[in-house]
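J.: have a look; sequence and predicted model below, questions after that.
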Amino acid sequence: MVDFRLGEEQEALRASVRDFAVEQVAPVIADHYEHKTFPYDLVRQMGKMGLFGLPFPEEFGGMGGDYFALCIALEELARVDSSVAVTLEAAVSLGAMPIYRFGTAEQKEQWLPRLATGEALAGFGLTEPGTGSDAAGTTTRAVLDETTNEWVINGTKAFITNSGTDITCLVTVMAVTGVNPDGSKELSTIIVPSGTPGFTVAPGYSKVGWCASDTHELSFDDVRVPAGNLLGERGRGFAQFLRILDEGRIAIAALSVGLAQGCVDESVKYANQRTAFGQTIGNYQAVQFMIADMELRAHTARLGYYDAASRMLAGDDFKRYAAIAKLNASNAAMENSRWATQVHGGYGFMNESAVGRFYRDAKILEIGEGTSEVQRMLIARGLGL
Ligand SMILES: Cc1cc2nc3c(=O)[nH]c(=O)nc-3n(C[C@H](O)[C@H](O)[C@H](O)COP(=O)(O)OP(=O)(O)OC[C@H]3O[C@@H](n4cnc5c(N)ncnc54)[C@H](O)[C@@H]3O)c2cc1C
């Protein structure tokens, strides 16, 4: 029989992240959001709680948990705020995870202990100004200079999360490193430490949402790094990024469920306080139905990511289920933010209100780590189409 209830340890983790989000994140996040400042203090506290190390073994400074534990934490953070949640999501599932999954023993030893404690952050450099969904269109090039035994990297990456904070230590960069025997591009991943000469971080983007998270364009102008900075095998870059994105979709689904659930929380609270025509608006069935539909979407989307995560942890092929979870949960987040704003009337349109931020934060969930169209392509492919 399937059981979707959390175990004791998972429930304890959920409750402690919930308390942190309500007590520490909620009071300060509107100000960070308004001023587009990165919440270093919250990141430090999350580091102390062990959130950056949830899926990593203790030998690397991690908590010895699993990917599902990370998802639980992401859901509870996003229930209050998505900028903080995506900072954790990108740091762990996009930043540190490639090093853990594909790095050499030396690379893991060098980078993971700081990443797993949140002392340092890493970025994931796949998207370029001219290519996102079609990652095989990568144009950034890395040429091996055999005289110095260094990679020489040239190109530009776009929209890279956590790539320009004061504590960012590296970016993994997907680059063309040659031509395969069939004529296709040979793609490999290379670790580029922050501060390497020729590696420039542009000022942060002005974004619609996730305003307290860190996103930059990066340029690489004859950037030289040792040949040993190759991540895993040469020519395996594309496969590595696909694996990381498949997992990451479950994490984004969890984050989306958190936002969808936060919409329910805020709407129930508001509907029980706000009066109109002599009654609290929660007495009107039209409002009740809006909120009931929100709860339906949040709950069923949660089951979707639980299912995808359990398949992944069991070692099954989970690609299609991760795409289903992400597509459904991002849709739930979008819909719920729309209706939660409606429940709040004019107050919902104010940036200081949590649902105003949910509304602005929801859209990117249908775009980042694979657009909704890409998820549909993956589901269709999984069906043999
Ligand atoms: C805030 C933010 C943070 C991000 N963080 C990172 C990061 O840390 N690292 C990173 O590498 N990237 C990051 N990204 C990039 C993100 O993953 C891409 O924006 C996303 O994958 C879509 O790529 P694109 O923007 O190039 O859109 P495109 O690929 O150009 O897509 C444009 C539209 O065309 C559609 N489309 C494309 N191809 C097809 C097709 N074959 N069939 C049907 N429709 C199609 C898409 O679905 C979309 O609707 C981030 C983006 C944002 C906005």
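T.: Structure's in. What do you need? Values in this document were obtained by computation on a predicted structure and should not be read as measured data.

J.: near the ligand, which residues of this protein?
T.: Residues of the chain lying close to the ligand by CB under 6 Å from any ligand atom are 90, 94, 123-127, 132-133, 159-161, 207, 210, 215, 364, 367-371, 373-374. Heads up, the C-betas are built off the backbone N, CA and C, glycines and all.

J.: restricted to buried residues, select the residues you listed in ChimeraX.
T.: Command for ChimeraX that selects the buried part of the residues of the chain next to the ligand, burial taken from 16 or more other CB atoms under 10 Å:
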select :90,94,123,124,125,126,127,132,159,160,161,207,210,215,364,368,369,370,374
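
J.: out of the residues of the chain next to the ligand, list just those in strands.
T.: 123-125, 159-161, 215 (DSSP state E).

J.: which of those lies closest to Glu247?
T.: For these, the closest approach to Glu247 (CB to CB) belongs to Phe124, at 11.8 Å.

J.: so that closest one touches Thr161, yeah?
T.: Yes. Contact criterion CB atoms under 8 Å: Phe124 and Thr161 qualify, at 7.3 Å.

J.: any idea how many residues pack against Ala142?
T.: 28 (other CB atoms under 10 Å).

J.: with Leu385 instead?
T.: Leu385: 7 neighbours (other CB under 10 Å).

J.: per-residue pLDDT of it, please?
T.: You'll see Leu385 listed with a pLDDT of 97.

J.: which one in the chain is furthest away from the centre?
T.: Residue farthest from the centre of the chain, counting by CA atoms, centre = their mean, is Gly278 at 43.7 Å.

J.: show the pLDDT at that one.
T.: Reported pLDDT for Gly278: 98.

J.: for the stretch 251-385 of the chain, what spans make up the helices?
T.: Using DSSP state H, counting those that start in this stretch, the helices of the stretch 251-385 of the chain run over 285-313, 319-343, 354-362, 372-382.

J.: let's have those in CSV, adding distance to Thr148.
T.: Listed next are these as CSV, based on distance: least, CB to CB, whole Å:
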stretch, distance to Thr148
helix 285-313, 41
helix 319-343, 40
helix 354-362, 45
helix 372-382, 39
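
J.: and of those helices, who's closest to Pro39?
T.: Closest to Pro39 of the helices of the stretch 251-385 of the chain is helix 354-362 (CB to CB; 13.5 Å).

J.: what helices and strands are in contact with that closest one?
T.: Identification of packing neighbours for helix 354-362 by 3 or more CB pairs under 8 Å, 6 or more residues apart in numbering; DSSP states H and E yields helix 26-35, helix 82-89, helix 237-273, helix 319-343.

J.: what's around the closest residue to Gly282 other than its chain neighbours, how many residues?
T.: Nearest residue to Gly282 in three dimensions, chain neighbours excluded: Ala271, at 3.4 Å (CB to CB, 6 or more residues apart in numbering). When counting by other CB under 10 Å, one arrives at 19 neighbours for Ala271.
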